[in-house]
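Colleague: Sequence first, then the predicted structure:
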Amino acid sequence: MGMLIILVIIGLIVYFMKKGIDNKIIRSNSKGLKWLFLGYLSILVLSVPVAFLLPIETESLKGEIAKGDVVHEQDIYIEDALLKGEIEELVDKNKTELWAFDYENDVLNIEQKAEEFYVAVYLEETSEYTEMIEATYFYPRLIVDEWDFSNEVSPIRVELKNNSLNIYEPLSVTINHGEFEMGFPMSQFYGESKMMGRSSSSSMGGQILYLKVPEGLEIGDDTNVDIIKVE
Amino acid sequence: MSAGFDIFEVKINYYSASSVFVLTMLWGFITAFLLTTKGYRYADFMFVTNRLTSHLANGLFLLTMSFLGSLTASLSPFLIRVIIFIYQDEGHITEDFLMSAQAHEFIIGFATAFLYLLVFSVLGYLFGMLIQFNKALQVIIPVVFLGGLMINSGEQGMIISIINFFMMESSFVLFTLKMIVSILVIYLSTILLTNKMEVIR
Amino acid sequence: MSLAKINMDDTIKKLYLFKLNSYSGVFTTLIFLQIISIISI
C-alpha cells in the first residue's frame, strides 16, 4: 500500500511536468474534465444521504454495555447454579443446545475428540431417565470490546457412538467487525483522540456441557474429560 | 487486529478517511510547487503581466484548489461509508461516527481541511519559488527540513514542535488564527522574496 | 493610478481564469488520488 502511494506520486509528478509544458493537450481536455469533476462531486454528494440510510447494527449488538467481566461472572453464575441443580432455570435464561440419545448400556465413555479446547462436563444421575442420556450445552458468551457477539458462536458437536459419547470442537468462527472512525482532520476538535494507539479486548466464556444420565450408569475408562458430578 | 481463541477469531477493521486528507494535502503541496516550474510560468508570459499579478492570480488558483480539494475530501467519508457497507463481507459495523456526529462538526471539519490544504499549498508555492530563485536551495531546503527534524527545541525536533503547534491545538478559533497568520506570512514572504525575479527566468 | 488598478484587477482575473482552464489537469489528478485512497481503504 505504501509502495503504491509512492508510485502514484512519482507518476503524478511526471504527469504534471509533461502536462504543464504541453499546454495544448490540457486545454483540449478542459471541458471533459469539468464533467469528470462534476460527476465525482455528485457521487460524493449523493453518498451523503445514502450513508445515513444504511442500517447499523450497533444497537442490536450492544444490549447492555458489556465488559469482559460479564463473561467471567456469567461463568461463575452458571457453575454455581448447575451445582445447585438449578438447570431448568438456567436453560430458560440462557442460549442452549439440547441433545437426547437412547442408551441401554451400563457403561459410558465420554471422550473429547479435539485436544485444543476445554469443556467442563457436569454429570447428573437422575431417576427420571432409564434408557436415555440428555446433553445440554450452554453457549459461551463472546464479548469483543463492548460488543456482544454471543449470537455468532457455534456450538460444540455431540455424538453417541456405540458406548461412547463423543464431543467435537465447535466450528471455527471468524467474527469480522469494523469501526468507522472520525479521521483527521475532524478528529482534531471532535471525538476522542486515537493517536495514542488503540486497545481492544475480547473474552469468551467457557464451554459447558451438562449431562443427565440414568442412575447407576458407570463411566468408562476411555473417558478423557474432567467430570464434575452434580449431587 | 485479531484476537485468536482456539476456535474463534475476531478481526477488527478500523476505517477512516484520514488517508484521503493526507493524500489531498500532498497533492496540494506538489501542485503548488509545480505551478512555479517553467512550463507553468510560460502562461504568465502570454499576458502583459508583472510578478505581482502573477502571484495574485496564483494565489487565487491556490485558494480554488484548496477549496475544491477540501470539499471533496470532506465528503469522502460518506462515500467510504457506503463502500464499506457494500464490501463488508458479512462483517458488522459496530461503531460509526457518522451516526453521532453533528452537522456543525462536518462544517468545521471542512474548514479545518481547507486551512490545512491551503497552508500546504502556500508552502509548496514558497518552496517552488525559492528553488526557481536559486537552484542551490533544491539541496538546502531538504537538508534544513531533515535537520529541523533532529535539532532539539525543547523536547522534540523543531519540525515536530511546529507540527504540534498546529495539530495539537484543540480550540478551533485559535487554530484558525494560527493558520491564517501562517498562511499570510508564508504567502507574503513568497511575494516579497521573489519580487525582483523576472517573470520568465 | 485608478486606471492602473482596474487594469491590474482585470489582468489578474484573466490570468486566473486562464490558469483554471489550462491547469484543469491538476483536478483530474486530485480525483484519481482521492478515488485511489478511497477504494484502498
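Modeller: Arrived safely. Predicted, not measured: the structure shown is a model, and the values here were computed from it.
Colleague: what mean pLDDT does the helix or strand encompassing B:Ile12 have?
Modeller: Assigned by DSSP states H and E, B:Ile12 belongs to strand B:8-15. In this model, strand B:8-15 has a mean pLDDT of 78.
Colleague: Now do the helices in chain A.
Modeller: A:2-21, A:23-53, A:58-62, A:68-83, A:87-93 (DSSP state H).
Colleague: Please identify which helix or strand holds B:Leu130.
Modeller: helix B:103-133.
Colleague: wait, does that helix contact chain A?
Modeller: Yes. Contact of helix B:103-133 with chain A (C-beta under 8 Å from any C-beta of the partner chain) involves B:105-106, B:108-109, B:112-113, B:116. C-betas here are computed from N, CA, C, even on glycine.
Colleague: rank the helices of chain A by mean pLDDT and give me the bottom one.
Modeller: helix A:58-62 (a mean of 58).
Colleague: list the buried ones in stretch C:33-41?
Modeller: For stretch C:33-41, burial by neighbour count (16 or more other C-beta atoms under 10 Å in any protein chain shown) applies to C:33-35, C:37-38, C:41.
Colleague: nope, stretch A:96-110 is what I was after
Modeller: A:96, A:99, A:103, A:108-110.
Colleague: neighbouring contacts of that stretch?
Modeller: A:90-91, A:121, A:131-139, A:155, A:158, A:160, A:163-165, A:167, A:211, A:213-214, A:216-225, A:227 (C-beta atoms under 8 Å, 6 or more residues apart in numbering or on different chains).
Colleague: From the chain's centre, how far out is the longest helix seen in chain B? Work that out for me.
Modeller: With residue count as the measure and DSSP H as the assignment, chain B has helix B:51-87 as its longest helix. Relative to the mean C-alpha coordinate of its chain, helix B:51-87 is positioned 10 Å out (C-alpha atoms, centre = their mean, to the nearest Å).
Colleague: do the helix or strand just after it and chain A meet at all?
Modeller: Note on helix B:51-87: by DSSP H and E, the next helix or strand toward the C-terminus is strand B:92-96. Yes. Counting by C-beta under 8 Å from any C-beta, chain A has neighbours in strand B:92-96: B:92-96.
Colleague: who wins for most neighbours among these?
Modeller: B:Ile93 (24 neighbours; other C-beta atoms under 10 Å in any protein chain shown).
Colleague: From the contact counts, what lies against the longest helix that chain C contains?
Modeller: Across chain C, the longest stretch assigned as helix under DSSP H is helix C:2-22. If you count contacts as 3 or more C-beta pairs under 8 Å, 6 or more residues apart in numbering or on different chains; DSSP states H and E, helix C:2-22 packs onto helix A:23-53, helix B:38-46, helix B:51-87.
Colleague: residues touching A:Tyr137, list them.
Modeller: Per C-beta under 8 Å, 6+ apart, neighbours of A:Tyr137: A:96-99, A:155-156, A:158, A:207-210.
Colleague: Give me the pLDDT for it.
Modeller: On the pLDDT scale, A:Tyr137 gets 91.
Colleague: does it have beta-bridge partners, and which?
Modeller: Beta-bridge partners recorded for A:Tyr137 (DSSP bridges): A:Glu97, A:Leu209.
Colleague: And the lowest mean pLDDT element among the helices and strands of chain B?
Modeller: strand B:2-4 (a mean of 39; mean pLDDT, DSSP states H and E).
Colleague: Give me the helices and strands touching the helix or strand containing B:Leu146, please.
Modeller: Per DSSP H and E: B:Leu146 is located in helix B:137-150. Contacts defined by 3+ C-beta pairs under 8 Å, 6+ apart place helix B:137-150 against helix B:103-133, strand B:156-157, helix B:158-167.
Colleague: Is the longest one positioned near chain C?
Modeller: No. Using C-beta under 8 Å from any C-beta, we find that helix B:103-133 stays clear of chain C, coming within 10.4 Å at best.
Colleague: How about that helix, which residues are buried there?
Modeller: B:105-106, B:108-133.
Colleague: ok and that helix relative to helix B:137-150, angle-wise?
Modeller: Angle between the axes of helix B:103-133 and helix B:137-150 is 130 degrees (criterion: axes from the mean of the first three to the mean of the last three C-alpha atoms, to 10 degrees).
Colleague: Averaged pLDDT, helix B:103-133. What do you get?
Modeller: If you average the pLDDT over helix B:103-133, you get 89.
Colleague: for A:Tyr122, what are its contacts?
Modeller: Contacts of A:Tyr122 (C-beta under 8 Å, 6+ apart): A:82-83, A:208-211, A:227-230.
Colleague: Of the residues you listed, just the buried ones, ChimeraX syntax please.
Modeller: Buried residues within the contacts of A:Tyr122, by 16+ other C-beta under 10 Å, are selected in ChimeraX with:
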select /A:82,208,209,210,211,230
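Colleague: Now do the same contact list for the residue nearest to the spatial centre of chain C.
Modeller: Per C-alpha atoms, centre = their mean, the C-alpha nearest to the average position across chain C is that of C:Leu20, at 3.3 Å. When contacts are counted by C-beta under 8 Å, 6+ apart, C:Leu20 touches B:61, B:64.
Colleague: same question, B:Met65
Modeller: B:Met65 neighbours (C-beta under 8 Å, 6+ apart): B:28, B:31-32, B:117, B:121, C:26-27, C:30.
Colleague: sorry, back to before: need the residues of helix B:103-133 next to chain A in a markdown table with distance to B:Phe175, can you?
Modeller: Output for these, formatted as a markdown table (distance: C-beta to C-beta, whole Å):
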| residue | distance to B:Phe175 |
| --- | --- |
| B:Glu105 | 14 |
| B:Phe106 | 16 |
| B:Ile108 | 10 |
| B:Gly109 | 12 |
| B:Thr112 | 7 |
| B:Ala113 | 12 |
| B:Tyr116 | 10 |
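Colleague: Just the C-alpha atoms of stretch C:28-38, please, in PDB.
Modeller: C-alpha atoms of stretch C:28-38 as PDB (Å, rounded to 0.1, in the frame of the first residue of the first chain):
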ATOM      1  CA  THR C  28      -8.100  15.200 -12.600                       C
ATOM      2  CA  THR C  29      -5.100  14.100 -10.600                       C
ATOM      3  CA  LEU C  30      -6.900  15.100  -7.400                       C
ATOM      4  CA  ILE C  31      -9.900  12.900  -8.400                       C
ATOM      5  CA  PHE C  32      -7.600  10.000  -9.300                       C
ATOM      6  CA  LEU C  33      -5.700  10.300  -6.000                       C
ATOM      7  CA  GLN C  34      -8.900  10.500  -3.900                       C
ATOM      8  CA  ILE C  35     -10.500   7.600  -5.700                       C
ATOM      9  CA  ILE C  36      -7.400   5.500  -5.200                       C
ATOM     10  CA  SER C  37      -7.200   6.300  -1.500                       C
ATOM     11  CA  ILE C  38     -11.000   5.700  -1.100                       C
END
